[in-house]
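Asker: Okay, structure incoming, though there's no sequence with it:
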């Protein structure tokens, strides 16, 4: 089309933008020959997207969810409706300033969904068949989650056993002192086990679970729990009838963070304790939710960012991503059964 673009971001050497903050910079564009345009815009667009499939062959169904968090535009050429202007060869600049919403969710990307923020530049050329030159670059956005859980948080349930006489059970109660955790800090978990059965507890395991929830436009959900690598700890079991209280430490890592304020993607964390029994009895797991806040989110890059924009070597635009075939991940580390509501004790049998 005879136009090339370069984007200069005034991000003060930081690779992440915080929600509620400004995104500023300059669009530098070069026109190599006299060219007519009927419009040109620079935009900040933030979108959420998820896609997964269920079933097989003829019964396979595809679920899709989309959401827009921010969409702001600046008119580069300042033209009136239906106005056409000819731009002579040369180099031009257009400064821009956008404001990220306070409640926008953090950037995220995996095989099932993504939350992306892009700066897009579009030049429109007049004609019977209108053509456009489109350029885009992705920026990384981080949002501090809000403390929405009570402190301390207590949950528990009763594990009962089939083919046993009355009063043969194990009560499991868990307590998390702090539910709003700065990523990298340890999670303090207190577990009380009341054992009123001769069936031995063969072991106790603690770990941190990452729970991803994707929601389609039809409100169908795809839930993907995985164990956070490096957080699993194994402890000895209990053979005698007793009531014992343990204090466990579950580690977290600085790069972990919860995602809130998105209708299509939620990223949560659970402190899990699993009480193990011999076969044929089913293990019992108790999950207590925590919120992880990433503190060290402004990673210095040393120099202001200068992104070369081209239509060939770029991340795909949003409307292109919407048509991609994104496959569901089969890598799932999930063990034990969920047998409790977080705030209401329940019983389970095996």
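Answerer: Nice, thanks for sending it over. Keep in mind the model is a prediction, meaning the values are calculated, not measured.
Asker: what's the distance between the residue lying closest to residue 216 once chain neighbours are set aside and residue 218?
Answerer: Excluding its sequence neighbours, the residue lying closest to residue 216 (CB to CB, 6 or more residues apart in numbering) is residue 63, at 3.8 Å. No exception for glycine: its C-beta is placed from N, CA and C like everyone else's. Residue 63 is 7 Å from residue 218, where distance means CB to CB, to the nearest Å.
Asker: In terms of neighbours, single out the busier of those two.
Answerer: residue 63 (19 against 10; other CB atoms under 10 Å).
Asker: ok, what's across the strand from the more buried one?
Answerer: Residue 63 has these beta-bridge partners by DSSP bridges: residue 52.
Asker: quick one: it from residue 289, how far?
Answerer: 25 Å.
Asker: Equivalent analysis for residue 208, please.
Answerer: Taking CB to CB, one finds residue 208 at 11 Å from residue 289.
Asker: Which residues are in contact with each of these two?
Answerer: 269-271 (CB atoms under 8 Å, 6 or more residues apart in numbering).
Asker: Can you tell me which of these are buried?
Answerer: 269-271 (16 or more other CB atoms under 10 Å).
Asker: ok, back up a step: so for residue 208 and residue 289, which residue has more residues nearby?
Answerer: Legend: neighbour count by other CB under 10 Å for residue 208 and residue 289, higher for residue 208 (22 against 18).
Asker: Verify the contact between the more buried one and residue 270 for me.
Answerer: Yes - using CB atoms under 8 Å, residue 208 is in contact with residue 270, at 7.3 Å.
Asker: Can you verify my assumption that the residue nearest to residue 216 contacts residue 113?
Answerer: No - assessed by CB under 8 Å, residue 63 is found out of contact with residue 113, at 10.6 Å.
Asker: any residues in contact with both of the two?
Answerer: 50-51, 214.
Asker: Those residues into a markdown table, with extra columns for neighbour count and pLDDT?
Answerer: Listed next are the shared contacts of residue 63 and residue 113 as a markdown table, based on neighbours: other CB atoms under 10 Å; pLDDT from 0 to 100:
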| residue | neighbour count | pLDDT |
| --- | --- | --- |
| 50 | 27 | 97 |
| 51 | 24 | 97 |
| 214 | 25 | 98 |
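Asker: Dump those to TSV, plus distance to residue 150.
Answerer: Listed next are these as TSV, based on distance: CB to CB, whole Å:
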residue	distance to residue 150
50	29
51	35
214	27
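Asker: Do you know the pLDDT at the nearest residue to residue 19 once chain neighbours are set aside?
Answerer: Among residues not flanking residue 19 along the chain, residue 143 sits closest, at 4.2 Å (CB to CB, 6+ apart). At residue 143, the pLDDT value in this model is 93.
Asker: in stretch 194-202, what counts as buried?
Answerer: Under the neighbour-count criterion of 16+ other CB under 10 Å, stretch 194-202 has 194-195, 197, 199, 201-202 buried.
Asker: low-scoring stretches of the stretch 51-200 of the chain, by residue?
Answerer: 128-130, 163-167 (pLDDT under 70).
Asker: ranges for the helices of it?
Answerer: Here the stretch 51-200 of the chain has no helices by DSSP state H, counting those that start in this stretch.
Asker: Just the strands from it, written as ranges.
Answerer: Per DSSP state E, counting those that start in this stretch, the stretch 51-200 of the chain carries strands over the ranges 61-75, 85-87, 90-99, 108-109, 113-125, 131-142, 153-160, 169-176, 180-182, 187-196.
Asker: Of those, which is nearest residue 249?
Answerer: strand 187-196 (6.5 Å; CB to CB).
Asker: Remind me what the closest one packs against, helices and strands.
Answerer: Helices and strands touching strand 187-196, as assessed by 3 or more CB pairs under 8 Å, 6 or more residues apart in numbering; DSSP states H and E, comprise strand 169-176, strand 203-215, strand 242-250, strand 265-276, strand 284-293.
Asker: Kindly reformat those as CSV containing distance to residue 19.
Answerer: Below are those laid out as CSV (distance: least, CB to CB, whole Å):
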stretch, distance to residue 19
strand 169-176, 26
strand 203-215, 20
strand 242-250, 28
strand 265-276, 15
strand 284-293, 13
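Asker: Nearest to residue 15 among these would be which one?
Answerer: Closest among the helices and strands packed on strand 187-196, using CB to CB: strand 284-293, at 18.3 Å.
Asker: Identify the bridge partners of residue 27.
Answerer: residue 7, residue 94.
Asker: burial measure for it, as a count.
Answerer: By other CB under 10 Å, the residues close to residue 27 number 22.
Asker: again, but for residue 141
Answerer: A count of nearby residues for residue 141, using other CB under 10 Å, gives 25.
Asker: which residues does it bridge with?
Answerer: Residue 141 forms beta bridges with residue 17, as assigned by DSSP bridges.
Asker: you'd agree it is up against residue 106?
Answerer: Yes - assessed by CB under 8 Å, residue 141 is found in contact with residue 106 at 6.3 Å.
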